[in-house]
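Asker: Sequence and predicted structure below; questions after.
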Amino acid sequence: MPIKIPDQLPALSVLDKENIFVMSEHRAISQEIRPMQVAILNLMPNKIETEVQILRMLSNTPLQINVEFIRINANESKNTPTEHLENFYHLFDDIKHRQYDGLIITGAPLALLDYSQVTFWDKICEVFDWAENNVTSTMFSCWAAHAALYHHYGLNRHLRKEKLSGVFKHTTLDEKELLTRGFDESFNVPHSRYGYIDKVDYQSIPEIQILAESAEAGVYLAASKNKQQVYLTGHPEYDTTTLHEEYLRDSAQGDNIALPKNYYQENDLNKAPVGSWRSHGSLLFTNWLNYYVYQITPYKLDASNIKAIHPDTVI
């Protein structure tokens, strides 16, 4: 949250130039405050584990957030009890008449399938289109990021011969960018994917800005210039042991998977992995909630007011 100081205090302009978030007294008085409405469309098989990871990332903001979980359809899940889904999840068709301040769409284990082979492709495209008109800002994670970029802009995803797995160093590209405000010059992020989109393809879309990248892992963070869409190709929400568990799972299935890079102590599977990304992940989600959601979302949450924020969106 910002610090509120008098309009004419000299520190106001100094801190602003240093990219420190302060709020003038005049602006603070005019603000209307209410809980943020955030939906999470969870596409992962083990939904409970993913819920914990994402909620942990959302928990460090002082904002009051009302969270709702969404699923695409009523199909049973092999990895999540039916009772859990019935108790805690809404079907998309049951909530699509509503509006939200923020939406998070998780990744999905669909890396080797063409989009046309995804059984719920038509439905997820409906969600993508619905979000443009009914959500102030949407964060797309991993597979969902590539799928949304393909749907909205026609950017084709490529597949690596070997899975990208490990923890990689990243840098930010714009020191004034709000979404990466407070990031270190170099920070770590876990990646676990086959897919990638070339940097030049991102750069071909005028509406999209690349915000952070890695020499090894490529583009990590991009966003639309109107803040309505955030594309995240890594997994800052991962627990310290998640890559380890994925490696053991893939190995048990007979996949010839290399050890996750820069992850185990001394690159030794028998030694504990090192978690070095949680503070960055927490800050990323906090910045998103603050600057891309809270600071611009309308007090009265309806489609016409979201349209006023994003006038280039067609309803």
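Answerer: Structure's in. What do you need?
Asker: Just give me the neighbour total for the closest residue to S224 other than its chain neighbours.
Answerer: Computed as Cβ to Cβ, 6 or more residues apart in numbering, the closest residue to S224 that is not its neighbour in sequence is E207, at 5.3 Å. Where you see a C-beta, it was placed from the backbone N, CA and C, and this is true even at glycine. Neighbours of E207 under the rule other Cβ atoms under 10 Å: 13.
Asker: Can you give me every residue that contacts E207?
Answerer: When contacts are counted by Cβ atoms under 8 Å, 6 or more residues apart in numbering, E207 touches 153, 224-226.
Asker: Helices - which of the residues you listed land there?
Answerer: Y153 (DSSP state H).
Asker: quick one: which of the contacts of E207 is nearest I105?
Answerer: S224 (14.6 Å; Cβ to Cβ).
Asker: so that closest one touches L211, yeah?
Answerer: No: in this structure, S224 is not within contact of L211 by Cβ atoms under 8 Å, at 10.9 Å.
Asker: Show me the strands in this structure, by range?
Answerer: Using DSSP state E, the strands of the chain run over residues 3-5, 22-24, 36-41, 65-71, 89-91, 100-105, 135-141, 158-172, 187-196, 208-214, 218-224, 229-232.
Asker: Nearest to S77, out of those?
Answerer: Among the strands of the chain, strand 65-71 sits nearest to S77 (Cβ to Cβ), with 8.4 Å.
Asker: tell me what the closest one is packed against?
Answerer: strand 36-41, helix 47-58, strand 89-91, helix 92-95 (3 or more Cβ pairs under 8 Å, 6 or more residues apart in numbering; DSSP states H and E).
Asker: what distance separates that strand from the centre of its chain?
Answerer: Averaging C-alpha positions (Cα atoms, centre = their mean, to the nearest Å) puts strand 65-71 15 Å from its chain's average.
Asker: for stretch 212-226, same thing?
Answerer: For stretch 212-226, the distance to the chain centre is 12 Å (Cα atoms, centre = their mean).
Asker: Over to it now: how far is its first residue from its last?
Answerer: Counting by Cα to Cα, to the nearest Å, you get 17 Å between the two ends of stretch 212-226.
Asker: Buried ones in that stretch, by neighbour count?
Answerer: The neighbour-count check on stretch 212-226 (16 or more other Cβ atoms under 10 Å) flags 212-214, 217-224 as buried.
Asker: what comes up buried for stretch 72-81?
Answerer: For stretch 72-81, the buried set under the neighbour-count rule, 16+ other Cβ under 10 Å, comprises 72, 77, 80.
Asker: beta partners of A223?
Answerer: Q209, V230 (DSSP bridges).
Asker: L232 is in contact with that one, correct?
Answerer: No: between A223 and L232 there is no contact under Cβ under 8 Å: 9.3 Å.
Asker: if we can go back for a sec, how far away is the residue nearest to S224 from A223?
Answerer: E207 sits 10 Å away from A223, going by Cβ to Cβ, to the nearest Å.
Asker: Quick one: mean pLDDT over stretch 151-168.
Answerer: Per-residue pLDDT values over stretch 151-168 give a mean of 94.
Asker: would you put the C-alpha positions of it in PDB?
Answerer: Extracted in PDB, the C-alpha atoms of stretch 151-168 (Å, rounded to 0.1, in the frame of the first residue of the first chain):
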ATOM      1  CA  HIS A 151      -5.900 -16.600 -29.200                       C
ATOM      2  CA  HIS A 152      -5.600 -12.800 -28.900                       C
ATOM      3  CA  TYR A 153      -2.700 -12.100 -31.200                       C
ATOM      4  CA  GLY A 154      -2.000 -15.200 -33.200                       C
ATOM      5  CA  LEU A 155       1.500 -15.800 -31.700                       C
ATOM      6  CA  ASN A 156       2.600 -19.300 -32.300                       C
ATOM      7  CA  ARG A 157       4.100 -21.400 -29.600                       C
ATOM      8  CA  HIS A 158       7.200 -23.500 -30.300                       C
ATOM      9  CA  LEU A 159       8.200 -26.700 -28.500                       C
ATOM     10  CA  ARG A 160      11.600 -27.600 -27.200                       C
ATOM     11  CA  LYS A 161      13.000 -31.000 -27.700                       C
ATOM     12  CA  GLU A 162      13.900 -31.100 -24.000                       C
ATOM     13  CA  LYS A 163      11.800 -29.800 -21.200                       C
ATOM     14  CA  LEU A 164      13.000 -26.500 -19.700                       C
ATOM     15  CA  SER A 165      13.200 -27.200 -16.000                       C
ATOM     16  CA  GLY A 166      15.100 -25.400 -13.300                       C
ATOM     17  CA  VAL A 167      15.700 -22.000 -11.700                       C
ATOM     18  CA  PHE A 168      17.000 -19.200 -13.900                       C
END
